[in-house]
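Asker: got a sequence here, can you model it:
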Amino acid sequence: MMPWWALAILVFGVNFSFWGTVGLTRLIGQLTVSRRGSRKSAAHAGNVIVLRHDPGGRRSRQINLTVDDVAVLIPAHNEAAVIEDSIRAITKLVPRKNIHVVSDGSTDDTFEVALRCGVKAIKTRLNVGKAGALSESIERFRLADRFPVVMLLDADTRVQPGYFAAALPLFDSPDVAAVAGCVRTDAHRMLSPVGNLLTGHRMRIYAVGQRVLKFGQTSRYLNATPIVPGFASLYRTAVLPRIDINPAGLAIEDFNMTFEVYQKKLGKVGFTLGAVAVTQDPDNLHDYIRQTRRWALGLWQTVRRHPPRLNLFTAMLALTLTELVTSSLLFVTLPVIVLVLAVPDLVSSAAHWPGFGPVYAVLSAHVTLTRIFYGVIVPDLAMTCLVAAVERRPRLLLAGVFFPFMRVLDSAIGLWAIPLAWLANSNGVWKSPARQGALGPGKHREIGAPPVAALAGPEVLGAAHALEPVASEVAASFPEAERHHASS
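Answerer: As a prediction, the model looks like this:
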């Protein structure tokens, strides 16, 4: 008979326990060891790749970085409903001249909204996908030549105050090639019960995954995280030319970029819980399934693309994938197992039914409903209670009973993506989910209307003249031959 704790291990895994222990050790070290009084000098940055001469010295700066050293790149496809709020949030933290938007084949007003916000903006002629838009815009904006660090920011993400104060010091270590942002779901939207369930499930995943797994995976000596999420993360621009951002056949770019960092030995990944950005997770089942399927497909396509190597990253990735598959198989079959075990309690003669009886005998010899309750349901509810307390979101408790069903759905999608990753290639072309702007679901301000927050301020006086200087500045950023393409 399988004990309940064995089920719990199958559900949460050795990977969870290992990195949780590493993260706890890291946290204790941060709390008990005094901070060093001085930063390492730039002379110790020998393993940072320096690719081109930088007369101004700005790009070569490796320590004591400030927001002036950060380029913000926002790829967007049909994000007119949310991009203005995201730009407004980031311009409170980073100089407006450092912000760059690439509208990837948008059919709405994304490009015009970005221009009206006073930031540099270009657009692609076709929908080339997020990875393609990133690769093209990094080159066209010459970001690797002009800045030491670039932030890749999703159009629906609002960077929170304190992000850069927490994240930029991590680049003082010359080994750090990228810094992963800490994601939080937007918990202040007015959603349907289904929307609250979906975003609550994501909130739970983010809270546990970042505080336990990622915090441990980005420790100084054991550094092996499978992903630097592309929603709001930082890269040292010196490593970008070594990263193949847009290889053929991948659905998403962030898994691949992270694998490239580790497998090409470009450096380590930093992470801090203080570098927070808020994103809009899908609030309807259709968009949720589509996004989850895209993520899972992107993971396995990236695994297919990068052959295993003899290093810590490959070993930890193998452990993660093994437990991902076993846990997913358990959750997918769990409803059937529970049904088989429950039927004889409802119909006493069911244990003797032809065909059903032998199946019930085999399952009941290894597991019972009580063991499933204590090995799966109770730990899952305990995790919900813990996250509700840490995030101060008591409403999560109302949806706690439904979260195991969400894990069944996630597992089914994840398993479905495995064979598909080897049978088909993706073109990376994206389609944004339904967005909820400041005025409600699917609505956004008309082009030319000033932001609501600016109506009481002096920015209104300059709104009518904002477009002309911005367009001139963008044109001046490119060679003459590219100007027509950048504005087409």
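Asker: how far does stretch 308-328 sit from the chain's center?
Answerer: 19 Å (Cα atoms, centre = their mean, to the nearest Å).
Asker: which residues in the stretch 301-450 of the chain form helices?
Answerer: For the stretch 301-450 of the chain, the helices defined by DSSP state H, counting those that start in this stretch occupy 312-346, 356-364, 369-372, 378-391, 396-399, 403-423.
Asker: could you dump the ones you listed to a markdown table with mean pLDDT and mean neighbour count?
Answerer: The C-beta positions use only the backbone N, C-alpha and C, and glycine is treated the same way. Conversion of these to a markdown table gives the following (pLDDT from 0 to 100; neighbours: other Cβ atoms under 10 Å):
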| stretch | mean pLDDT | mean neighbour count |
| --- | --- | --- |
| helix 312-346 | 92 | 16 |
| helix 356-364 | 88 | 13 |
| helix 369-372 | 89 | 15 |
| helix 378-391 | 92 | 16 |
| helix 396-399 | 92 | 18 |
| helix 403-423 | 95 | 17 |
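Asker: export those helices to JSON lines and tack on distance to residue 120?
Answerer: Output for the helices of the stretch 301-450 of the chain, formatted as JSON lines (distance: least, Cβ to Cβ, whole Å):
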{"stretch": "helix 312-346", "distance to residue 120": "35"}
{"stretch": "helix 356-364", "distance to residue 120": "61"}
{"stretch": "helix 369-372", "distance to residue 120": "56"}
{"stretch": "helix 378-391", "distance to residue 120": "36"}
{"stretch": "helix 396-399", "distance to residue 120": "40"}
{"stretch": "helix 403-423", "distance to residue 120": "36"}
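Asker: just the C-alphas of the longest strand belonging to the chain, formatted as CSV.
Answerer: Identified as the longest strand of the chain according to DSSP state E is strand 268-279. These are the backbone C-alpha positions of strand 268-279, laid out as CSV (Å, rounded to 0.1, in the frame of the first residue of the first chain):
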residue,chain,number,x,y,z
LYS,A,268,24.6,33.2,-14.4
VAL,A,269,21.0,34.4,-13.7
GLY,A,270,20.2,36.7,-10.8
PHE,A,271,16.9,37.0,-9.0
THR,A,272,15.5,39.0,-6.2
LEU,A,273,12.0,39.1,-4.8
GLY,A,274,12.2,42.9,-4.7
ALA,A,275,12.2,43.3,-8.5
VAL,A,276,8.5,43.2,-8.9
ALA,A,277,6.3,43.7,-12.0
VAL,A,278,2.6,43.2,-12.3
THR,A,279,1.1,41.4,-15.3
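Asker: can you list the domain ranges for the chain.
Answerer: 56-317, 321-423 (automatic domain parsing).
Asker: mind listing what the nearest residue to residue 381 once chain neighbours are set aside touches?
Answerer: Once flanking residues are discounted, residue 381 sits nearest to residue 400: 5.4 Å by Cβ to Cβ, 6 or more residues apart in numbering. Listed by Cβ atoms under 8 Å, 6 or more residues apart in numbering, the contact set of residue 400 reads 380-381, 384-385.
Asker: low pLDDT regions in the chain?
Answerer: 1-12, 33-62, 430-488 (pLDDT under 70).
Asker: can you tell me the centre-most residue of it?
Answerer: residue 229 (3.2 Å; Cα atoms, centre = their mean).
Asker: can you tell me how far it is from residue 359?
Answerer: Separation of residue 229 from residue 359 (Cβ to Cβ, to the nearest Å): 42 Å.
Asker: can you check residue 160 too?
Answerer: In terms of Cβ to Cβ, residue 160 sits 52 Å off from residue 359.
Asker: and what of residue 390?
Answerer: 41 Å.
Asker: now whichever helix or strand residue 297 is part of: buried residues?
Answerer: For residue 297, the host element (DSSP states H and E) is helix 285-305. By neighbour count, with 16 or more other Cβ atoms under 10 Å as the criterion, the buried positions of helix 285-305 are 287-289, 291-303, 305.
Asker: stretch 213-226 now?
Answerer: Buried-residue list, stretch 213-226, by 16+ other Cβ under 10 Å: 213-219, 222-226.
Asker: that older thread, export the domains of the chain as a markdown table, with columns for distance to residue 15.
Answerer: As requested, those are arranged in a markdown table below (distance: least, Cβ to Cβ, whole Å):
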| stretch | distance to residue 15 |
| --- | --- |
| domain 56-317 | 8 |
| domain 321-423 | 5 |
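Asker: so for residue 26, which of the ones you listed sits nearest?
Answerer: domain 56-317 (4.6 Å; Cβ to Cβ).
Asker: tell me how far the closest one is from the chain's mean position?
Answerer: With Cα atoms, centre = their mean, you get 7 Å for domain 56-317.
Asker: do stretch 413-431 as well
Answerer: 18 Å.
Asker: which residues touch it?
Answerer: 77-78, 104, 127-132, 246, 248-253, 289-290, 292-293, 296-301, 303-304, 324-325, 328-329, 332.
Asker: output it in PDB with nothing but the alpha carbons.
Answerer: Coordinates of each C-alpha in stretch 413-431 appear next as PDB, following Å, rounded to 0.1, in the frame of the first residue of the first chain:
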ATOM      1  CA  ILE A 413      -1.900  20.500 -21.500                       C
ATOM      2  CA  GLY A 414       1.700  19.800 -20.500                       C
ATOM      3  CA  LEU A 415       1.600  16.200 -21.500                       C
ATOM      4  CA  TRP A 416      -0.100  17.000 -24.800                       C
ATOM      5  CA  ALA A 417       2.700  19.400 -25.700                       C
ATOM      6  CA  ILE A 418       5.500  16.800 -25.400                       C
ATOM      7  CA  PRO A 419       4.900  14.800 -28.600                       C
ATOM      8  CA  LEU A 420       3.800  17.900 -30.400                       C
ATOM      9  CA  ALA A 421       7.100  19.600 -29.700                       C
ATOM     10  CA  TRP A 422       8.800  16.800 -31.800                       C
ATOM     11  CA  LEU A 423       6.200  16.500 -34.500                       C
ATOM     12  CA  ALA A 424       5.700  20.100 -35.400                       C
ATOM     13  CA  ASN A 425       7.500  23.400 -35.600                       C
ATOM     14  CA  SER A 426       6.100  26.800 -34.600                       C
ATOM     15  CA  ASN A 427       6.500  30.100 -36.400                       C
ATOM     16  CA  GLY A 428       6.400  32.100 -33.200                       C
ATOM     17  CA  VAL A 429       3.600  34.300 -34.500                       C
ATOM     18  CA  TRP A 430       1.600  35.500 -31.500                       C
ATOM     19  CA  LYS A 431      -1.900  36.500 -30.700                       C
END
